[in-house]
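**Q** my questions are about this predicted structure, shown below with the sequence.
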Amino acid sequence: MQREALRVLASEPVGPYRLLRLARGRLDPGMPGQFFMLSPPGHLLPRPMSLCLAPPRELVFLIDPVGKGTRALAEAEPGETMTVLGPLGNGYCLRVEKPLLVGGGIGVAPFPYLSHALGEPPALLGFRTAHHAAAAALVPNAEVVLDPTLVTDVMPSDYDVFACGPEPMLWAVARRAPDAQLAWEAPMACGFGACYGCAVEIGGELRRLCVEGPILELKASRWRKVRRREAA
Ligand SMILES: Cc1cc2nc3c(=O)[nH]c(=O)nc-3n(C[C@H](O)[C@H](O)[C@H](O)COP(=O)(O)OP(=O)(O)OC[C@H]3O[C@@H](n4cnc5c(N)ncnc54)[C@H](O)[C@@H]3O)c2cc1C
Ligand code: FES
């Protein structure tokens, strides 16, 4: 893990999302599923972002501008710099026989890098609208479903599933594929285990999702979110 001020190369629209290209500097891209803490220009608090692509000399992130931090990241101008810390957390385990990527919405963000590492396996991606589904073009061999069809309605069995997406989708995937590797989210202030802001309960113990995760297998962990006052 390293911290460095990286230069913005470009911010490109992909449907309602933005593809933020940063000069890589000396940072290691890490494993697919790991994340970085990005400090938007002019903001003190960093935001966690999965690495989307790692072309030579670049780190690329797919951003859903849902609030003020992500909007500031998406609107960063070429030539500006932002502080980036990472890679953080664990990554997906890539030693599987028959991979299938299953994602929803902005959950596709780590899949381009993951797909490349796995040799471009099939992917099943769900989106709210055709406009959101523009992000599927970043993932090779993707089959797209749109609401009201859910990825779990059409998910085949007997695959080694890698999943990322909204929490209800992760629970539904885990019911269909108990061995699936699931990328979970929690609000994160530090990203490296110092603040307990991301605490979840795993097997009756308080664990930090930024350190123990964000990738967890449900069958092994049976985790649940901790209410904010318990996590303080
Ligand atoms: C490990 C990890 C990887 C992530 N990767 C990506 C990515 O690649 N691309 C991307 O666009 N987003 C990603 N996110 C989510 C992103 O970090 C949050 O959307 C962002 O921090 C929100 O900040 P904001 O200031 O824009 O919004 P805020 O104004 O802080 O919040 C906007 C809304 O999002 C909710 N929210 C904020 N943070 C989270 C969170 N971590 N989990 C669930 N809900 C949240 C808030 O409750 C609120 O409803 C990731 C999160 C984690 C934990
Ligand atoms: S985000 Fe600070 S401990 Fe996980």
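**A** Yep, that arrived. Ligands and ions are numbered 1, 2, ... in the order given.

**Q** could you report the pLDDT at residue 205?
**A** As predicted, residue 205 sits at a pLDDT of 74.

**Q** next: residue 64.
**A** Looking at residue 64, the pLDDT reads 98.

**Q** pretty sure it contacts residue 14?
**A** No. Here residue 64 does not reach residue 14: they are 10.2 Å apart, not a contact under Cβ atoms under 8 Å. All C-beta atoms are positioned from the backbone trio N, CA, C, and that covers glycine.

**Q** how about the helices in this structure?
**A** Along the chain, the stretches classed as helices by DSSP state H are 68-74, 111-118, 151-154, 167-176, 209-212, 218-221, 228-231.

**Q** can you report phi and psi for residue 75?
**A** Main-chain dihedrals, residue 75, degrees, to the nearest 10: phi -90, psi 0.

**Q** for it, list the residues it contacts.
**A** Residue 75 is in contact with 11, 65, counting by Cβ atoms under 8 Å, 6 or more residues apart in numbering.

**Q** if I look at the one residue in the chain that gets nearest to ligand 1, how far off is residue 103?
**A** Going by Cβ to the nearest ligand atom, ligand 1 is nearest to residue 67 of the chain, at 2.0 Å. According to Cβ to Cβ, to the nearest Å, residue 67 and residue 103 sit 21 Å apart.

**Q** the longest strand belonging to the chain packs against which elements?
**A** Across the chain, the strand with the greatest residue count (assigned by DSSP state E) is strand 2-14. Secondary-structure packing of strand 2-14 (3 or more Cβ pairs under 8 Å, 6 or more residues apart in numbering; DSSP states H and E): strand 17-23, strand 58-63, strand 81-88.

**Q** ok, the closest residue to residue 152 other than its chain neighbours - how many residues close by?
**A** What sits nearest to residue 152 in space, not counting adjacent residues and going by Cβ to Cβ, 6 or more residues apart in numbering, is residue 172, at 4.4 Å. Close neighbours of residue 172, defined as other Cβ atoms under 10 Å, add up to 20.
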